[in-house]
Structure formats: structure tokens, C-alpha cells
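Engineer: Let me see the structure of the following:
(chains A, B, C and D)
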There are 2 protein chains.
Amino acid sequence: MTVARAERLLSLVQVLRRYRQPVSGSRLAEETGVSLRTLYRDIASLQAQGAPIEGEAGVGYVLRPGFLLPPLMFSQDEIEALVLGSRWVAKVADPRLAAGAADALAKIAAVLPQDLRDEIDASTLLVATQRHHEDTADLGLIRTAIRAEHRLRIIYQDGSGASTERVIWPFAVGFFDSVRVVVGWCELRRGFRHFRTDRIGSLHSLEDRYPRRRQALLKEWREAEGIAPPP
Amino acid sequence: MTVARAERLLSLVQVLRRYRQPVSGSRLAEETGVSLRTLYRDIASLQAQGAPIEGEAGVGYVLRPGFLLPPLMFSQDEIEALVLGSRWVAKVADPRLAAGAADALAKIAAVLPQDLRDEIDASTLLVATQRHHEDTADLGLIRTAIRAEHRLRIIYQDGSGASTERVIWPFAVGFFDSVRVVVGWCELRRGFRHFRTDRIGSLHSLEDRYPRRRQALLKEWREAEGIAPPP
DNA sequence: ACCCTGCTGCCAGAATCTGTCAGTAGGCTG
DNA sequence: CAGCCTACTGACAGATTCTGGCAGCAGGGT
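Structural biologist: All right, here's what the predicted structure looks like:
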């Protein structure tokens, strides 16, 4: 007894949800293991059932949010991934974000069937990363400033030990193995600068919004530094 | 082009969700417009896909919760933690686990209210960890063996370059900055041993269960190595 | 003891699905 | 503009699946 098609249609929805950018039909066909022709038929079937899938020639398919069908319950691999990720965040991030990781996992656990809930506690994937440098600045405050796109006044000690006071527009944080780095536009240097969180002496939010959007700054910084966006 | 069956299976789930008391098969057959025989087949199909449907003679069918993901609500910090953790796993883990991280995040995004869903894309916390050594063994297979508590036959090259063939009882994986390490009981050495995944030459699951539980092994190993459990 | 129910095997005809081939059309890039 | 990638549609034939009916077994409730 097969449910090949039903299963495939669900997995197609999941693949479309995973990519948020347009995906070509041939790629979807490959991922679901059917021919291109059948993929077109599958897309048409989903659309007939109300899935807001948009296809554009030369671009690909996108699933707009709003499809009523909720996703299937998490798989074992997905639970393991969530647990592992949460453990890593709990270990390397600031206390507020660490608590967020634990709380999020608890909320997820609350909606799991018993067997999957047991998987959470039973997971034996361990985070054993190096101990990182102690932050001298509150990364939680920095994240809040980033979300609100607020300017920050900081006192920063660079690699040579010299201290400077600057106003920056923070828009990202990079998590390295032993160091966290705030990425921002520096008003003093009129350029993108990186600030290790263990070298920021003092930190004060100016509570006013910097004039550009953080996504735009991020994109510009990526191009300047040649850093590819995450998948 | 109809998707009669796929559509019917979904509607069957909806009907089962609507009733919370047991429903008889004949009633379900009537509501979905098929014969009783086909209804039994549909139920079997859904169960094969993991739907926790319970049938009892003389009573009827009940759908226990845990098949579809219900709506979830998270704080901004929790979302940031989930996104950051997922990005890290996607970067450092084996392809299957990495896909699990992306899929889990996509599923969460699908049940989030609009404003929180935007937070996922907007997150500017970046994972910039060092590039790790290439695995020579499929970590996905190892994880599967750990979950099933199966013995593994491996060929391992130790630090000095000497190759040995061993049978191990794998029970944990440690994720270091540049290396992944399988923790197991080694039948050859009669003791706990650690195996870097970039030094495991060959890997073969024996498909039989080792005689102890992995939680017990983990606890014993922790005590032997003096490693504290995660919070 | 009786009825309702879940569940399985078998069968044959009907319905569906799938891949291949061919062709149209729209967007993007150079 | 040409060339490439892409979305889409139609037709066809073979393979696969689906479906309903029938018969029968088993478990629970009355």
C-alpha cells in the first residue's frame, strides 16, 4: 500500500517552505525524486488544493505564507538538530539568549508526542566547544540595539591596547569559536568596523534610531567583505 | 487532475481532529465518501506515515495529538536563539542533521504569526566558526546507530597513524570547534574511547543492539571523565 | 449469546499516475 | 538582439495504484 503521491506532495510543501527564495522546478523535481513533468503536475495539484504557490518563468517557485495546512510533526533528525542548536546557543550566547534557547526548547517539548519528548532528554549530542573569552559588554543590550536599530556609544580597546570612544550603528553579531564580534558602521571612522565583545569597555544606547536599515547595511557589508549570505 | 486520495487523507485527518471521541470506521467512511474497506486502507496509510491513530474494536478511532504541528508562540529572544542554533547546526553537522535544522526552522516559521515569522529572516546573528575537518565517516549513520544502540565495526587511524579495526558501542558525539568525536565503548580495548570522525576510515553497522543502554554508558563515562552534564 | 467494531486477504475492473517527447511563452543576461 | 533558463501544456502508452465487494477472524460491550 503506497501513499507515494500524498507523501510526496507534503514533502514538496516542506521543501518549498525550507527554501524561502524561488526554487526552480527541476530542482524541486530532483529533491522529490520525480520527473519535471510530474513535478509540474504536483504543483498544479497543490495549487488546486489551495496552496499559494507562485511560479514565474525564468525564476522558479515560491510558497507564499498562508497555506492552511500546518506542517507535520518534527522528525527525529529535526528534534536532534533543535536540541543540539539549543545547547550550543545556551553555551556560547549571552544569558538572555541562552535562556531563550532553553525556553524555546521547552515550548517545543510541550507540543511533542511522548516518544519525541523523550528524544529531547535522551539526545547524546554534546557541545564541547572551547571556552570563549568573557564578554566585557552585555551582548543582550547589543542585540536589543540591533533589533531596534539604535545607535550605541562604546569605549573600545583595539588590539594594540589603545582606547577610543565611538558611536556605532550595530547591525550584526558574528559568533566565532572563541570570540563574538559586533559588526557596525563606525561614525568615527566612517566605515564598517568589527568590535570584539571582550574588548568593549563601556556601552550605552543612545536610544535613537540610526538612519539606515540594518538589512541594507548587512547587504552592503557583505558585498564589501565578500561574505556570502547563509543558505 | 485530481488528487483524490491525497485530499481524502488530509480530510480524514481533519475529521478525526474534529471529533475528539472515538469515531467508528463506517462513519468516517461515510464522511470521506468511500467504502468501509477503503477507509481501513486510508487509516493504514496515515498510520504508515506516522499518524498516531488508535483503533479499538467495538469502539472506533481516535487521533492522538502529535501528528500536525500546532501554532506556536515565541518571544523575540527565543526566535533569535532558534535561528542562531539552527544556523550553527546547518554549518557544522552532517548533511542530514543540517537539513533537519533547516526543516525544523521552516516548520516553526510556518506556524508563527506574521510578525514573528519576519523576525526569522531579519535575524543578523551570524555563525562564523572555523571550518572543521572533513568527516571521512558518515556522521548520519553514526547518529542512527547511537539512537538504535547498535554496534559499529570501524577502522580507525589513531594519532600516530596506526590503523586498527574495532567494534564499538557508540553512545555520544562531541562537537568541538574543528572536530567531531564519537564516544563509545571499545570492545577491543575494553574501555571508553574517543574517535575523531575525520579519522574513521570505514564504518559498518552490525545491526545488532549492544547490551547496555546508552544513557547508562553516558553516565558512567561522565563519571569516569569528570564531565558535568548539560544544564 | 449477540451485535458492533476493527482488521485482513483476495480479486478484477476502473482509475490514476508517470515518464517521454514535442512545443509555446516569458524573463534574465550579455 | 540572441541565447539560456524557466514555467507551462498536450498527447500517449505502459505501469501502477486504487477501489469496492465479499468472506472471514477477533476483540469489546451489552
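
Engineer: Give me the distance from the longest strand anywhere in chain A to the chain's centre.
Structural biologist: Longest strand in chain A by number of residues (criterion: DSSP state E): strand A:163-175. Chain-centre distance of strand A:163-175: 20 Å, with C-alpha atoms, centre = their mean, to the nearest Å.

Engineer: Also stretch A:214-223?
Structural biologist: Taking C-alpha atoms, centre = their mean, one finds the center of stretch A:214-223 at 16 Å from the center of the full chain.

Engineer: With stretch A:26-40 instead?
Structural biologist: Counting by C-alpha atoms, centre = their mean, stretch A:26-40 is centred 28 Å from the centre of its parent chain.

Engineer: Strands of chain A, start to end?
Structural biologist: Using DSSP E, the strands of chain A run over residues A:53-56, A:60-63, A:125-127, A:150-157, A:163-175, A:180-186, A:191-196, A:200-209.

Engineer: Point out the most buried one among these.
Structural biologist: Most buried of those by mean neighbour count (mean count of other C-beta atoms under 10 Å in any protein chain shown) is strand A:180-186; its value is a mean of 23. Every residue, glycine included, has its C-beta placed from N, CA and C.

Engineer: buried set for the lowest-mean-pLDDT helix or strand in chain A?
Structural biologist: Using mean pLDDT, DSSP states H and E, the weakest-scoring helix or strand in chain A turns out to be helix A:214-225, at a mean of 89. For helix A:214-225, burial by neighbour count (16 or more other C-beta atoms under 10 Å in any protein chain shown) applies to A:214, A:217-218, A:221.

Engineer: quick check, nearest of these to DNA strand C?
Structural biologist: Comparing the buried residues of helix A:214-225 against DNA strand C with C-beta to the nearest atom of the strand places residue A:218 closest, at 20.8 Å.

Engineer: Any stretches of chain A with poor pLDDT?
Structural biologist: Filtered on pLDDT under 70, chain A yields the residue ranges A:1-2, A:230-231.

Engineer: got the residues of it near DNA strand D?
Structural biologist: Within chain A, the residues that sit near DNA strand D (C-beta under 7 Å from any atom of the strand) are A:1-5, A:23-26, A:36-37, A:40, A:43-44, A:55-61.

Engineer: rerun that using 6 Å as the cut-off
Structural biologist: Neighbours of DNA strand D within chain A, by C-beta under 6 Å from any atom of the strand: A:1-3, A:24-26, A:37, A:40, A:43-44, A:55-58, A:60-61.

Engineer: Between the two ends of stretch A:174-183, how far is it?
Structural biologist: Stretch A:174-183 has its terminal residues 7 Å apart, counting by C-alpha to C-alpha, to the nearest Å.

Engineer: Pull the residues that contact it.
Structural biologist: With contact meaning C-beta atoms under 8 Å, 6 or more residues apart in numbering or on different chains, stretch A:174-183 is reached by A:92-93, A:129-133, A:135, A:139, A:142, A:168, A:170-173, A:192-198, A:200, A:218, A:221, B:84, B:88, B:125-130, B:177-178.

Engineer: rerun that using 7 Å as the cut-off
Structural biologist: Residues outside stretch A:174-183 that contact it (C-beta atoms under 7 Å, 6 or more residues apart in numbering or on different chains): A:92, A:129-130, A:132-133, A:135, A:139, A:142, A:170-173, A:192, A:194-198, A:221, B:125-130, B:177.

Engineer: And for stretch A:189-202?
Structural biologist: Identification of contacts with stretch A:189-202 by C-beta under 7 Å, 6+ apart yields A:133-137, A:139, A:154-157, A:163, A:168, A:179-186, A:221, A:224.

Engineer: hmm, back to that, got a markdown table for the strands of chain A, with distance to residue B:12 too?
Structural biologist: Listed next are these as a markdown table, based on distance: least, C-beta to C-beta, whole Å:
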| stretch | distance to residue B:12 |
| --- | --- |
| strand A:53-56 | 23 |
| strand A:60-63 | 24 |
| strand A:125-127 | 36 |
| strand A:150-157 | 51 |
| strand A:163-175 | 45 |
| strand A:180-186 | 50 |
| strand A:191-196 | 55 |
| strand A:200-209 | 51 |
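
Engineer: what about those strands, which gets the closest to DNA strand C?
Structural biologist: Among those, strand A:53-56 comes nearest to DNA strand C, with 5.9 Å by C-beta to the nearest atom of the strand.

Engineer: follow-up on the earlier one: ok, which of the strands of chain A comes nearest residue A:110?
Structural biologist: When those are compared by C-beta to C-beta, strand A:125-127 sits nearest residue A:110, at 21.4 Å.

Engineer: ok now the closest one, how far from the chain's centre?
Structural biologist: Centroid separation for strand A:125-127 versus its chain: 20 Å, with C-alpha atoms, centre = their mean.

Engineer: Please apply the same query to stretch A:203-222.
Structural biologist: Relative to its chain's centre, stretch A:203-222 lies at 18 Å (C-alpha atoms, centre = their mean).

Engineer: got it, and stretch A:114-128?
Structural biologist: Taking C-alpha atoms, centre = their mean, one finds the center of stretch A:114-128 at 22 Å from the center of the full chain.

Engineer: what does that stretch contact?
Structural biologist: A:74, A:76, A:79-80, A:83-84, A:87-88, A:91, A:105, A:109, B:146, B:171-176, B:214-215, B:218.

Engineer: Check stretch A:86-105 too.
Structural biologist: With contact meaning C-beta under 7 Å, 6+ apart, stretch A:86-105 is reached by A:82-83, A:120, A:127, A:129, A:132, A:135, A:138-140, A:143, A:175, B:74-75, B:77-78, B:80-82, B:84-85, B:88, B:230-231.

Engineer: Just give the number of residues close to residue A:26.
Structural biologist: 12 (other C-beta atoms under 10 Å in any protein chain shown).

Engineer: OK, contacts around it?
Structural biologist: residue A:36.

Engineer: domain parsing for chain A?
Structural biologist: With domains defined by automatic domain parsing, chain A comprises A:4-63, A:76-122, A:139-225.

Engineer: Would you mind getting the angle between the longest strand of chain A and strand A:191-196?
Structural biologist: 80 degrees (axes from the mean of the first three to the mean of the last three C-alpha atoms, to 10 degrees).

Engineer: ok, the residue in chain A that chain B sits nearest to - contacts?
Structural biologist: Ranked by C-beta to the nearest C-beta, the top residue of chain A for proximity to chain B is residue A:85, at 2.5 Å. By C-beta under 7 Å, 6+ apart, the contact set of residue A:85 is B:85-86, B:88-89, B:101.

Engineer: one more time with 10 Å
Structural biologist: A:101, A:104-105, A:125, A:127, B:81-90, B:92-93, B:97, B:100-101, B:104-105 (C-beta atoms under 10 Å, 6 or more residues apart in numbering or on different chains).

Engineer: Sort out for me which of those are in helices.
Structural biologist: Counted as lying in helices by DSSP state H, out of the contacts of residue A:85, are A:101, A:104-105, B:81-90, B:92, B:97, B:100-101, B:104-105.
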